[in-house]
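Novice: Got a sequence here, can you build the structure:
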Amino acid sequence: MKILIIGGSGLIGSKLVAILRDRGHVVIAASPSSGVNTLTGEGLSEAMQGVQVVVDVANSPSFEDNAVMHFFETSGRNLLAAETSAGVLHHVALSVVGTERLQSSGYFRAKLVQEKLIMASQIPYTIVRATQFFEFVGAIADSGTEGNSVRLPPAMMQPIVSDDVAAALADVAIEEPLMGTIDLAGPEPIRMDDLVRSYLLAYQDGRQVMTDSQASYFGTEVNDQSLTPGKSPRLGSTRFKDWLNRAIV
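Specialist: Numbering: from 1, shown residues only. This is a model prediction of the structure:
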(Lines give C-alpha, C1' and ligand atoms only; values in the text may rest on other atoms or scores of the structure.)
Protein backbone atom coordinates (compact mmCIF):
# COMPACT_ATOMS: atom_id res chain seq x y z
CA MET A 1 0.00 0.00 0.00
CA LYS A 2 1.20 3.52 -0.79
CA ILE A 3 0.61 5.91 2.11
CA LEU A 4 1.26 9.65 2.34
CA ILE A 5 1.94 11.10 5.79
CA ILE A 6 1.22 14.83 6.06
CA GLY A 7 3.42 16.12 8.86
CA GLY A 8 5.75 13.19 8.35
CA SER A 9 8.73 14.82 10.05
CA GLY A 10 7.00 15.66 13.35
CA LEU A 11 6.71 13.82 16.66
CA ILE A 12 3.89 11.51 15.55
CA GLY A 13 4.60 11.57 11.83
CA SER A 14 8.20 10.37 12.06
CA LYS A 15 7.19 7.45 14.28
CA LEU A 16 4.28 6.59 11.98
CA VAL A 17 6.49 6.59 8.90
CA ALA A 18 8.92 4.16 10.56
CA ILE A 19 6.15 1.78 11.70
CA LEU A 20 4.46 1.61 8.31
CA ARG A 21 7.74 1.15 6.44
CA ASP A 22 8.65 -1.68 8.81
CA ARG A 23 5.33 -3.29 7.86
CA GLY A 24 6.30 -3.21 4.20
CA HIS A 25 4.28 -0.25 2.96
CA VAL A 26 5.52 2.44 0.59
CA VAL A 27 5.44 5.59 2.71
CA ILE A 28 6.00 9.21 1.73
CA ALA A 29 6.89 11.57 4.57
CA ALA A 30 5.52 14.96 3.49
CA SER A 31 6.25 18.32 5.11
CA PRO A 32 7.23 21.81 3.98
CA SER A 33 10.89 20.81 4.35
CA SER A 34 10.34 18.05 1.77
CA GLY A 35 8.58 20.40 -0.66
CA VAL A 36 4.98 19.55 0.27
CA ASN A 37 3.06 22.45 1.78
CA THR A 38 -0.65 21.97 2.49
CA LEU A 39 -1.08 25.66 3.32
CA THR A 40 0.08 26.86 -0.11
CA GLY A 41 -0.71 23.66 -2.03
CA GLU A 42 2.90 23.35 -3.18
CA GLY A 43 3.87 19.80 -4.12
CA LEU A 44 0.53 18.25 -3.12
CA SER A 45 -0.55 16.89 -6.50
CA GLU A 46 2.88 15.37 -7.13
CA ALA A 47 2.98 13.75 -3.69
CA MET A 48 -0.48 12.21 -4.23
CA GLN A 49 0.47 10.18 -7.30
CA GLY A 50 -0.52 6.56 -6.76
CA VAL A 51 -1.38 7.14 -3.08
CA GLN A 52 -4.21 5.09 -1.59
CA VAL A 53 -4.19 6.41 1.98
CA VAL A 54 -3.40 9.86 3.38
CA VAL A 55 -2.74 10.30 7.10
CA ASP A 56 -2.78 13.92 8.26
CA VAL A 57 -0.90 14.51 11.52
CA ALA A 58 0.24 18.06 10.76
CA ASN A 59 -0.23 20.81 13.32
CA SER A 60 -0.37 24.57 13.05
CA PRO A 61 2.95 26.38 13.64
CA SER A 62 1.01 29.08 15.51
CA PHE A 63 -1.78 28.63 18.07
CA GLU A 64 -2.97 32.25 17.81
CA ASP A 65 -6.72 32.14 17.10
CA ASN A 66 -6.73 33.57 13.56
CA ALA A 67 -3.53 31.82 12.51
CA VAL A 68 -4.61 28.37 13.70
CA MET A 69 -8.02 28.71 12.04
CA HIS A 70 -6.37 29.78 8.79
CA PHE A 71 -4.00 26.82 8.95
CA PHE A 72 -6.54 24.06 9.54
CA GLU A 73 -9.20 25.47 7.23
CA THR A 74 -6.90 26.30 4.32
CA SER A 75 -4.73 23.20 4.67
CA GLY A 76 -7.81 21.03 5.01
CA ARG A 77 -9.40 22.36 1.84
CA ASN A 78 -6.18 22.07 -0.16
CA LEU A 79 -5.46 18.56 1.06
CA LEU A 80 -8.96 17.20 0.45
CA ALA A 81 -9.11 18.77 -3.02
CA ALA A 82 -5.81 17.13 -3.97
CA GLU A 83 -6.99 13.79 -2.58
CA THR A 84 -10.22 14.00 -4.58
CA SER A 85 -8.30 14.64 -7.80
CA ALA A 86 -5.92 11.77 -7.06
CA GLY A 87 -8.66 9.26 -6.15
CA VAL A 88 -7.41 8.65 -2.58
CA LEU A 89 -9.37 5.84 -0.91
CA HIS A 90 -8.95 6.69 2.80
CA HIS A 91 -8.27 9.93 4.65
CA VAL A 92 -7.08 9.52 8.25
CA ALA A 93 -6.80 12.60 10.47
CA LEU A 94 -5.38 13.00 13.95
CA SER A 95 -7.56 15.23 16.11
CA VAL A 96 -8.02 15.80 19.85
CA VAL A 97 -10.33 14.31 22.46
CA GLY A 98 -12.59 17.08 23.74
CA THR A 99 -12.61 19.08 20.50
CA GLU A 100 -16.38 19.56 20.45
CA ARG A 101 -16.50 20.35 24.19
CA LEU A 102 -13.80 23.05 24.27
CA GLN A 103 -15.11 25.53 21.72
CA SER A 104 -14.14 28.54 23.84
CA SER A 105 -10.59 27.78 22.63
CA GLY A 106 -9.53 29.06 19.22
CA TYR A 107 -7.41 25.96 18.69
CA PHE A 108 -10.31 23.60 19.28
CA ARG A 109 -12.64 25.70 17.12
CA ALA A 110 -10.14 25.29 14.30
CA LYS A 111 -9.84 21.53 14.86
CA LEU A 112 -13.63 21.20 14.69
CA VAL A 113 -13.65 23.08 11.38
CA GLN A 114 -11.01 20.64 10.12
CA GLU A 115 -13.14 17.68 11.18
CA LYS A 116 -16.26 19.09 9.53
CA LEU A 117 -14.40 19.61 6.25
CA ILE A 118 -13.36 15.97 6.30
CA MET A 119 -16.88 14.77 7.07
CA ALA A 120 -18.35 16.90 4.28
CA SER A 121 -15.92 15.62 1.64
CA GLN A 122 -16.55 12.65 -0.63
CA ILE A 123 -13.42 10.83 0.57
CA PRO A 124 -13.88 7.86 2.94
CA TYR A 125 -12.37 8.87 6.26
CA THR A 126 -11.46 8.00 9.83
CA ILE A 127 -10.85 10.69 12.46
CA VAL A 128 -8.73 9.61 15.44
CA ARG A 129 -9.17 11.86 18.46
CA ALA A 130 -6.29 11.36 20.90
CA THR A 131 -5.89 12.59 24.44
CA GLN A 132 -2.93 14.73 25.49
CA PHE A 133 0.52 13.19 24.98
CA PHE A 134 2.83 12.35 27.87
CA GLU A 135 5.52 14.36 26.08
CA PHE A 136 3.51 17.58 26.54
CA VAL A 137 3.05 17.37 30.31
CA GLY A 138 5.97 19.76 30.73
CA ALA A 139 4.14 22.31 28.58
CA ILE A 140 1.06 21.95 30.79
CA ALA A 141 3.24 22.67 33.81
CA ASP A 142 4.75 25.73 32.13
CA SER A 143 1.32 27.05 31.16
CA GLY A 144 0.23 27.14 34.80
CA THR A 145 3.47 28.43 36.28
CA GLU A 146 3.43 31.59 38.40
CA GLY A 147 6.82 32.10 40.03
CA ASN A 148 7.63 28.85 41.87
CA SER A 149 4.02 27.62 41.81
CA VAL A 150 2.09 25.75 39.15
CA ARG A 151 -1.64 26.46 39.40
CA LEU A 152 -3.74 23.78 37.72
CA PRO A 153 -7.29 22.42 37.91
CA PRO A 154 -7.95 18.88 39.20
CA ALA A 155 -9.67 17.95 35.93
CA MET A 156 -9.57 14.29 34.97
CA MET A 157 -7.37 13.30 32.01
CA GLN A 158 -6.30 10.05 30.37
CA PRO A 159 -3.06 10.96 28.59
CA ILE A 160 -1.19 8.72 26.17
CA VAL A 161 2.38 8.31 24.96
CA SER A 162 3.15 9.35 21.38
CA ASP A 163 4.48 5.87 20.51
CA ASP A 164 1.05 4.39 21.23
CA VAL A 165 -0.65 7.11 19.15
CA ALA A 166 1.58 6.34 16.17
CA ALA A 167 0.97 2.60 16.52
CA ALA A 168 -2.80 3.10 16.61
CA LEU A 169 -2.71 5.39 13.57
CA ALA A 170 -0.68 2.79 11.67
CA ASP A 171 -3.41 0.22 12.37
CA VAL A 172 -6.19 2.61 11.34
CA ALA A 173 -4.39 3.56 8.13
CA ILE A 174 -4.59 0.02 6.76
CA GLU A 175 -8.10 -0.70 8.05
CA GLU A 176 -11.31 0.07 6.18
CA PRO A 177 -12.50 3.67 6.59
CA LEU A 178 -14.75 4.03 9.61
CA MET A 179 -16.68 7.05 8.29
CA GLY A 180 -16.63 8.26 11.86
CA THR A 181 -14.48 9.07 14.87
CA ILE A 182 -12.35 6.95 17.23
CA ASP A 183 -11.28 8.12 20.68
CA LEU A 184 -7.74 7.10 21.65
CA ALA A 185 -6.43 7.34 25.22
CA GLY A 186 -3.85 6.01 27.63
CA PRO A 187 -4.55 3.07 29.93
CA GLU A 188 -5.15 5.08 33.12
CA PRO A 189 -7.17 8.15 34.14
CA ILE A 190 -5.37 10.72 36.29
CA ARG A 191 -6.15 14.23 37.46
CA MET A 192 -4.21 17.03 35.78
CA ASP A 193 -2.71 18.41 38.99
CA ASP A 194 -1.55 14.94 40.06
CA LEU A 195 -0.12 14.24 36.60
CA VAL A 196 2.01 17.36 36.63
CA ARG A 197 2.96 16.85 40.28
CA SER A 198 4.34 13.38 39.43
CA TYR A 199 6.19 14.77 36.42
CA LEU A 200 7.88 17.58 38.36
CA LEU A 201 8.84 15.24 41.20
CA ALA A 202 10.42 12.76 38.80
CA TYR A 203 12.50 15.52 37.22
CA GLN A 204 13.39 17.00 40.62
CA ASP A 205 11.76 20.26 39.55
CA GLY A 206 11.27 22.50 42.59
CA ARG A 207 8.01 24.05 41.43
CA GLN A 208 4.99 23.26 43.62
CA VAL A 209 1.65 22.32 42.10
CA MET A 210 -1.28 24.23 43.59
CA THR A 211 -4.68 22.67 42.96
CA ASP A 212 -7.14 25.35 41.85
CA SER A 213 -10.54 24.41 40.46
CA GLN A 214 -10.74 27.88 38.85
CA ALA A 215 -7.45 27.51 36.98
CA SER A 216 -7.56 26.99 33.24
CA TYR A 217 -6.03 24.58 30.73
CA PHE A 218 -4.12 26.78 28.26
CA GLY A 219 -6.67 29.52 28.91
CA THR A 220 -9.74 27.30 28.68
CA GLU A 221 -11.99 26.12 31.51
CA VAL A 222 -12.15 22.34 31.87
CA ASN A 223 -13.99 19.76 33.95
CA ASP A 224 -13.80 15.98 34.34
CA GLN A 225 -15.50 15.42 30.97
CA SER A 226 -13.49 17.92 28.91
CA LEU A 227 -10.32 15.89 28.31
CA THR A 228 -11.44 12.30 28.81
CA PRO A 229 -12.49 9.86 26.08
CA GLY A 230 -16.01 8.69 25.34
CA LYS A 231 -17.32 5.15 25.56
CA SER A 232 -15.17 2.26 24.31
CA PRO A 233 -12.01 4.17 23.34
CA ARG A 234 -8.96 2.44 21.93
CA LEU A 235 -6.36 2.33 24.66
CA GLY A 236 -2.59 2.53 24.55
CA SER A 237 -0.63 0.14 26.76
CA THR A 238 2.05 2.44 28.21
CA ARG A 239 1.48 3.70 31.77
CA PHE A 240 2.62 7.21 32.63
CA LYS A 241 4.78 5.98 35.52
CA ASP A 242 6.61 3.53 33.25
CA TRP A 243 7.19 6.22 30.63
CA LEU A 244 8.53 8.60 33.27
CA ASN A 245 10.96 5.98 34.56
CA ARG A 246 12.36 5.54 31.06
CA ALA A 247 12.37 9.24 30.24
CA ILE A 248 14.49 10.31 33.20
CA VAL A 249 17.19 7.66 32.77
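Novice: so where do the strands sit in the chain?
Specialist: 2-6, 26-30, 53-56, 90-96, 125-130, 145-146, 149-152, 156-157, 180-185, 190-191, 208-211, 234-235 (DSSP state E).
Novice: quick one: strands adjacent to the second one?
Specialist: I take that to be strand 26-30. The pairing partners recorded for strand 26-30 under DSSP bridges are strand 2-6 (parallel).
Novice: Longest helix of the protein, counting residues only.
Specialist: Counting by DSSP state H, the longest helix found in the chain is helix 65-86.
Novice: Save the strands of the chain as CSV, and put in mean neighbour count, distance to Ala110 and mean pLDDT too.
Specialist: Placement of C-beta: from N, CA and C, glycine included. Compiled in CSV, the strands of the chain are given as follows (neighbours: other Cβ atoms under 10 Å; distance: least, Cβ to Cβ, whole Å; pLDDT from 0 to 100):
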stretch, mean neighbour count, distance to Ala110, mean pLDDT
strand 2-6, 24, 16, 98
strand 26-30, 22, 20, 97
strand 53-56, 28, 14, 98
strand 90-96, 23, 11, 98
strand 125-130, 24, 14, 98
strand 145-146, 12, 25, 96
strand 149-152, 20, 24, 97
strand 156-157, 24, 21, 98
strand 180-185, 20, 17, 97
strand 190-191, 17, 27, 98
strand 208-211, 16, 29, 97
strand 234-235, 16, 24, 97
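Novice: which stretch among these comes nearest Ala202?
Specialist: strand 208-211 (12.8 Å; Cβ to Cβ).
Novice: The closest one: how far from the chain's middle?
Specialist: 27 Å (Cα atoms, centre = their mean, to the nearest Å).
Novice: One more: stretch 197-207?
Specialist: Using Cα atoms, centre = their mean, the offset of stretch 197-207 from its chain centre is 25 Å.
Novice: Not counting it itself, show me its contacts.
Specialist: The contact list for stretch 197-207 (Cβ atoms under 8 Å, 6 or more residues apart in numbering) reads 137-138, 141, 145, 148-150, 209, 240-241, 244-245, 247-248.
Novice: Also stretch 113-130?
Specialist: 69, 72-73, 75-77, 80, 83-84, 88-99, 160, 165, 168-169, 172, 175, 177-185, 229.
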